[in-house]
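**Student:** Below is the sequence, then the predicted model.
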Amino acid sequence: MTRYEPVIGLEVHAQLLTETKLFCGCSVAYGAEPNTQLCPTCLGLPGSVPRLNRRAVELAIRVGLALGCEINRDTAFSRKHYFYPDLASNYQNSQFEPPVIGRGELCIEVDGVERRIGITRAHLEEDAAKNIHGAGGGLYTVVDYNRGGQPLLEIVSEPDLRSAEEAELYLRKLREILIFAGVNDGNLEEGSFRCDANVSIRPVGQEKFGTRVELKNINSFRFVRRAIEFEIARQEAVLASGGALVQETRTWNENVGQTISMREKESAQDYRYFESPELPRIEIDDEMIERARAQLPELPDAIRARFIEELGLTPYDAGVLTSHPGIARYFDAVASGMKADAKLGKRIANFIQSEVLRDTQIAGLDAKFPVTPEALIELLSMVEARTINLNLAKQVFHEMVASGKSAAAIVEEKGLGGGVDEAALEAEVLKVIEKNPSQVEQYRGGKAAVFGFFVGQVMRATRGQADPQLVQVLLRKHLDG
Amino acid sequence: MSAPRDLIEALESLEAGTLTASELVDDALGRIEAHDGEIGALLALDAEGARERARTIDEKRKSGETLGRLAGIPFTLKDNFVTKGLPTTAASKMLEGYRAPFSATLAEKLEAEGAILLGKANLDEFAMGSSTERSAAHPTRNPWDRSRVPGGSSGGSAAAVAAGYGYFSVGSDTGGSLRQPAAFCGLNTLKPTVGVFSRYGLIQLAPSLDQPGPLTRSVRDLQLLTEVMRGHDPLDSWSSKRELAPARDIQGLRVGILKPALERVEHEPIRDAHDAVLETLRAHGAEIVEIEIPHANIALPTYHAIVAAECSSGMARYDGVRYGKRVSKDELFEMMEATRAQGFGEEVKRRILFGAYLLMEENVERFVQGARRARTLIRRDFDAAFERCDLFVTPTTATPAFELDNRGDDPLAMYLSDYFTLPASLAGMPAVSTPMGVDADGLPLGIQLVGAPFTEATLLRVAAAIEEKHGILDRLPALNGGIG
């Protein structure tokens, strides 16, 4: 039986995080009433003139730098023509040849092995309006032009991916880079990060590509994986049964768990591309590239490496603390505020993971933390100075979140500060031993579990302020000695 | 009232108090009432609004308020500029009854200076034509001779100014659509360097070529309007922040002439008038030098390929979905097809189809990219020419105004009437047309002055010198009660 190899390429449409549309001043905010974010230009009215939003070009350059792509210094917008009501002018301002961003690559790790996936190109284009089918009791299709004209970067990969898993890893990695670069909010559900997949299979060892199917409507990572897996299996089954594949566009239907044919590729539609006669060419100089480079934040791979090497994190912890750019920035702010080394870094990371992240709210690119990095620095500095111990610090932290008060104020208020010095603690230890002769007997008779009882008693006697490690040392000294 | 001869004189009378804006508007409305049934220069008229605005300005003037630079001057606007107050149709059935939700920057600017918009002027549908016979509404007749065309596509604007419907009109020029009607109607015009006048609100024919410009009775009117209309517009991507170069003295100016092009002119009075203008310029101390635009012979196909490609694309938006005409059908694409089939005229369809053919994947490189390369060659010819001269002159047209229905069935003959004006459009150079007398039939003739980018002021100064000697303002129908 012939063994087949899948060949997958992905096209991602990422909405760029500008305030306004690509060619006019209309807002791009999501969720507005339909047809309220419009002007003559994004409606293509007679007499309107598009004018380029330079911010979108800056963000595109930033993506190019993040992906190590070539940046083309002199490019233009081209009109792509097709008649459909989601285009107000029946053409889309897009880019043909050359695109603003040229070749580059993205590394993914598959089963511990690095794979380099080629980026073919990335180009700027305006989004189409949203058609909503089935309005008016199913009689009409209505159009919401709010989305029309919003800036997109279409990022096209080489057909280098060989499995659904690789496709998913590539998408997750790309999304993470775009989010950390601050150019896209990575929201698949709201459609700010959309993916189409080109899937074909070929006998292992064959160089020529098989017949390609374009998959649409795969707007979650789970769908991407399931749709591609289904499609690979479907294509294998067709070939195995002696059938032939047709070049077509298929859509993922989650309800039935299948890809469904939308349309067969019309004998190569002619979009009549030609350079826009009304938009000036995009000229990119060194200054623009340097400015974009200066604005490019540190990317997740570099952040993780730094967290592991300099701040003592395990790869797992580094992953958790880079799961969102806001969290990474938060950890960085606390660590640098405390001039953390590898040991302290690890302690800070533990506290953030166990306490802070439980109360952190993530919405898109925003992360809302329960306390500021400065407030956390104050608290953890008290632990480092042994003013309070870690257990108390956790209590104080919850008090800070509940009351909004500072760590110092809470410690002061509750009279927690100052800790317990070693001599006083030793006195307490002796007192506890003296008061509990039967437990001492049990312990010395070999019942090690009773040790915890003594620790608890000493901690209670010191109202939780003693250093638990020191308590243990002193107890051992007097019980075992 | 004794009607002022030109806009400047009208402003002087208004300031002196010997005339009111209301009188100027009433005079213009009276002429429209009397003549426009036959001339057909206008597509929409706002008589009441114009009277109202005139009254307001007169009151402001009486109470000593500061007024704009054109306060009280009635004017018209070619109907391919969108206006909130009046319908905008571009003389097409496709936009019958269309009301734009915004106004062109130039319309707002002129009204802010106190100019009073009388109405919208006729044109060839979507500015595609050279005679204004291709208006879906009706043709326009030349006030100098009503059996003749006023030129086009800004023919309604030119006829309106020539007939005295106000003191100026703003039109647009893609390959000669201001200059040829100016020549045919004995008027002055400027097609500026790209970016001098805002194009926001001008309905596109071919955006890489379209330029707005005023049509006036005198050169000094044109100078004033150039000053008022220019300036940066953040709404227009191509709008320039650059200042115009100061006007140079004619003494010592090198004026180029195109010998081989002149040989194409069969109408002898045009050659004679052209030579007489050269004499005048020599008398002012200019040096006449022969120059060449070697690629002028490919300007015509180059121009038509570019216009067809751009217009085929730009006209795609007229589909019946969002605004304008709609022919109802049950299915979307049937509706679009029927709307476009019924909404567009012959010439528009011809260019859309021609353009769609040129833009096909297998043709675009050869024809559209080819035309762009040809355009670059022509621009280089101009750059080289301006090494040898400071400006050059040609007749604006090879013939005076032709008769109606003369060339209607021969698009190629119609296209040829833009022979002298196309190269400056392709090269993006500023060009002025000013009258250079009349022929034996009393038909006006025009001369074109073409300069390097941003040398408008010098072109206008030279035009003023030509006007002094060859001007025909006194013969303008507007100044002669029994028009045409």
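**Tutor:** Structure's in. What do you need?
**Student:** where does the residue of the stretch 351-484 of chain B found nearest chain A land on pLDDT?
**Tutor:** Residue nearest to chain A within the stretch 351-484 of chain B (Cβ to the nearest Cβ): residue B:359, separated by 3.9 Å. Placement of C-beta: from N, CA and C, glycine included. Here, the pLDDT recorded for residue B:359 equals 97.
**Student:** from what I can see it touches residue B:312, true?
**Tutor:** Yes. Applying Cβ atoms under 8 Å, one finds residue B:359 in contact with residue B:312, separated by 6.4 Å.
**Student:** Below-threshold pLDDT in the stretch 151-300 of chain A: ranges please.
**Tutor:** A:265-268 (pLDDT under 70).
**Student:** residues from it in reach of chain B?
**Tutor:** A:270, A:272-275, A:277-280 (Cβ under 8 Å from any Cβ of the partner chain).
**Student:** Please read off the pLDDT at residue 57 from the model.
**Tutor:** Assuming you mean chain A. pLDDT at residue A:57 comes out at 97.
**Student:** look at chain B instead
**Tutor:** With respect to pLDDT, residue B:57 has a value of 98.
**Student:** Helix or strand next in line after the strand or helix carrying it, which one?
**Tutor:** If you go by DSSP states H and E, residue B:57 is part of helix B:47-62. Counting by DSSP H and E, the next helix or strand C-terminal to helix B:47-62 is strand B:74-78.
**Student:** Could you list every helix and strand in contact with that following strand?
**Tutor:** Here strand B:74-78 touches helix B:21-39, strand B:116-121, helix B:155-162, strand B:168-173, going by 3 or more Cβ pairs under 8 Å, 6 or more residues apart in numbering or on different chains; DSSP states H and E.
**Student:** sorry, back to before: show me what contacts the residue lying closest to the residue of the stretch 351-484 of chain B closest to chain A once chain neighbours are set aside?
**Tutor:** Nearest residue to residue B:359, sequence neighbours excluded (Cβ to Cβ, 6 or more residues apart in numbering or on different chains): residue A:272, at 3.9 Å. Shown in contact with residue A:272 (Cβ atoms under 8 Å, 6 or more residues apart in numbering or on different chains): A:79, A:81, B:313, B:356, B:359-361, B:364.
**Student:** Tell me where the stretch 1-150 of chain A has strands.
**Tutor:** Using DSSP state E, counting those that start in this stretch, the strands of the stretch 1-150 of chain A run over residues A:4-15, A:74-75, A:78-81, A:91-94, A:104-110, A:113-126, A:130-134, A:140-144.
**Student:** and the ones you listed as JSON lines, adding mean neighbour count, distance to residue A:375 and mean pLDDT?
**Tutor:** Shown next, in JSON lines, are the strands of the stretch 1-150 of chain A (neighbours: other Cβ atoms under 10 Å in any protein chain shown; distance: least, Cβ to Cβ, whole Å; pLDDT from 0 to 100):
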{"stretch": "strand A:4-15", "mean neighbour count": "21", "distance to residue A:375": "35", "mean pLDDT": "97"}
{"stretch": "strand A:74-75", "mean neighbour count": "17", "distance to residue A:375": "48", "mean pLDDT": "96"}
{"stretch": "strand A:78-81", "mean neighbour count": "22", "distance to residue A:375": "52", "mean pLDDT": "96"}
{"stretch": "strand A:91-94", "mean neighbour count": "22", "distance to residue A:375": "48", "mean pLDDT": "97"}
{"stretch": "strand A:104-110", "mean neighbour count": "16", "distance to residue A:375": "36", "mean pLDDT": "94"}
{"stretch": "strand A:113-126", "mean neighbour count": "19", "distance to residue A:375": "40", "mean pLDDT": "97"}
{"stretch": "strand A:130-134", "mean neighbour count": "12", "distance to residue A:375": "43", "mean pLDDT": "89"}
{"stretch": "strand A:140-144", "mean neighbour count": "16", "distance to residue A:375": "43", "mean pLDDT": "91"}
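**Student:** dump the residue contacts of the residue most central in space within chain A.
**Tutor:** Nearest residue to the geometric centre of chain A (Cα atoms, centre = their mean): residue A:176, 4.0 Å. Neighbouring residues of residue A:176 by Cβ under 8 Å, 6+ apart: A:186, A:300.
**Student:** at 10 Å what do you get?
**Tutor:** For residue A:176, the contacting residues are A:186, A:299-301, A:322-325, by Cβ atoms under 10 Å, 6 or more residues apart in numbering or on different chains.
**Student:** And it, which helix or strand is it part of?
**Tutor:** helix A:164-180.
**Student:** could you dump stretch A:2-15 to PDB, C-alpha only?
**Tutor:** Output in PDB follows, covering the C-alpha atoms of stretch A:2-15 (Å, rounded to 0.1, in the frame of the first residue of the first chain):
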ATOM      1  CA  THR A   2       1.300   3.500  -0.800                       C
ATOM      2  CA  ARG A   3       2.300   5.600   2.100                       C
ATOM      3  CA  TYR A   4       1.400   9.300   1.800                       C
ATOM      4  CA  GLU A   5       3.000  12.400   3.200                       C
ATOM      5  CA  PRO A   6       0.800  15.500   3.900                       C
ATOM      6  CA  VAL A   7       2.000  18.900   2.600                       C
ATOM      7  CA  ILE A   8       0.500  21.900   4.400                       C
ATOM      8  CA  GLY A   9       0.900  25.600   3.900                       C
ATOM      9  CA  LEU A  10      -0.900  28.200   6.000                       C
ATOM     10  CA  GLU A  11      -2.300  31.700   5.200                       C
ATOM     11  CA  VAL A  12      -2.900  33.800   8.300                       C
ATOM     12  CA  HIS A  13      -4.800  37.000   8.200                       C
ATOM     13  CA  ALA A  14      -3.800  39.000  11.200                       C
ATOM     14  CA  GLN A  15      -5.600  42.300  12.000                       C
END
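**Student:** distance between that stretch and the chain's centre?
**Tutor:** Using Cα atoms, centre = their mean, to the nearest Å, the distance from the centre of stretch A:2-15 to the centre of the chain it belongs to is 21 Å.
**Student:** quick one, strands of chain B?
**Tutor:** B:42-45, B:74-78, B:116-121, B:168-173, B:188-191, B:211-216, B:254-257, B:287-290, B:391-395, B:431-438, B:444-451 (DSSP state E).
**Student:** Sheet partners, orientation included, of the third one?
**Tutor:** In this case it means strand B:116-121. strand B:42-45 (antiparallel), strand B:74-78 (parallel) (DSSP bridges).
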